[in-house]
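Asks: Sequence below, structure please.
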Amino acid sequence: LKEFCESYVKMARVLAGTVKGYIPAGMAKPAPPLGPILGQRGINIVQFCKDFNDKTAHIKPGVPLPTRIKYYNDRSFEFTTTAPPNSYFLKAAAGIEKGSDDPGNKIVATLTLKQIYEIAVVKSKDINMRNVPLESICRMLVGSARSIGIKVIDGNNKKLNDNFS
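Replies: Alright, predicted model coming up:
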């Protein structure tokens, strides 16, 4: 009977809206910009920050996580996080803070195909990539690398960006 009542209460709540954004892992705080965004939608800010920081405690602090927060008319909420963006992984692997000012002409770093593959393996575990072949994820990463000024080479120092056009 208890399970039936809980499921009935869940059915009674109505989705009021969603909020999407990037929140640093383990660093959610009630301060701006997160606090006002959640507060004006009636979400318990302190509870969200506590839940988010607990859920992301195993991730390196400060890693930007795409987060989707669903909030309901009864002031309850649910949130899901996915893997960090490609640019975060690529810049971390290349050891750079920001991409190129002129990506088509200026190369700021170089990655090997092995590094791209390792990033692709991590990205393949993401819920958004569950049905995408590893080769496609690698191609996508090579394109992202090109767009931020990172040159991709194979183990023999051969440039690969032109091969993936």
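Asks: tell me the secondary structure for the residue most central in space within the chain?
Replies: Most central in the chain under Cα atoms, centre = their mean is residue 84, positioned 2.8 Å from the mean C-alpha point. Counting by DSSP: H, G, I helix; E, B strand; the rest coil, the backbone at residue 84 sits in coil.
Asks: which residues of the protein fall in helices?
Replies: Secondary structure of the chain (DSSP state H): helices at 2-12, 34-39, 45-55, 86-94, 113-124, 134-147.
Asks: need those in JSON lines with mean pLDDT and distance to residue 68, can you?
Replies: Heads up, the C-betas are built off the backbone N, CA and C, glycines and all. JSON lines is the format used below for the helices of the chain (pLDDT from 0 to 100; distance: least, Cβ to Cβ, whole Å):
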{"stretch": "helix 2-12", "mean pLDDT": "62", "distance to residue 68": "18"}
{"stretch": "helix 34-39", "mean pLDDT": "91", "distance to residue 68": "13"}
{"stretch": "helix 45-55", "mean pLDDT": "94", "distance to residue 68": "12"}
{"stretch": "helix 86-94", "mean pLDDT": "95", "distance to residue 68": "17"}
{"stretch": "helix 113-124", "mean pLDDT": "94", "distance to residue 68": "18"}
{"stretch": "helix 134-147", "mean pLDDT": "95", "distance to residue 68": "21"}
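Asks: Save these as TSV, and put in mean neighbour count and distance to residue 70 too.
Replies: Output for the helices of the chain, formatted as TSV (neighbours: other Cβ atoms under 10 Å; distance: least, Cβ to Cβ, whole Å):
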stretch	mean neighbour count	distance to residue 70
helix 2-12	9	12
helix 34-39	16	12
helix 45-55	16	12
helix 86-94	18	24
helix 113-124	18	24
helix 134-147	18	27
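Asks: Quick one, which of those gets closest to residue 153.
Replies: Smallest distance to residue 153 across these (Cβ to Cβ): 7.2 Å, for helix 113-124.
Asks: for that closest one, packing partners?
Replies: helix 86-94, helix 134-147, strand 150-153 (3 or more Cβ pairs under 8 Å, 6 or more residues apart in numbering; DSSP states H and E).
Asks: Tell me which residues of the last one come out buried.
Replies: By neighbour count, and taking 16 or more other Cβ atoms under 10 Å as the criterion, the buried residues in strand 150-153 are 150, 152, 153.
Asks: Output the contacting helices and strands for it.
Replies: strand 109-112, helix 113-124, helix 134-147.
Asks: and residue 99, which of the ones you listed is closest to it?
Replies: helix 134-147 (7.7 Å).
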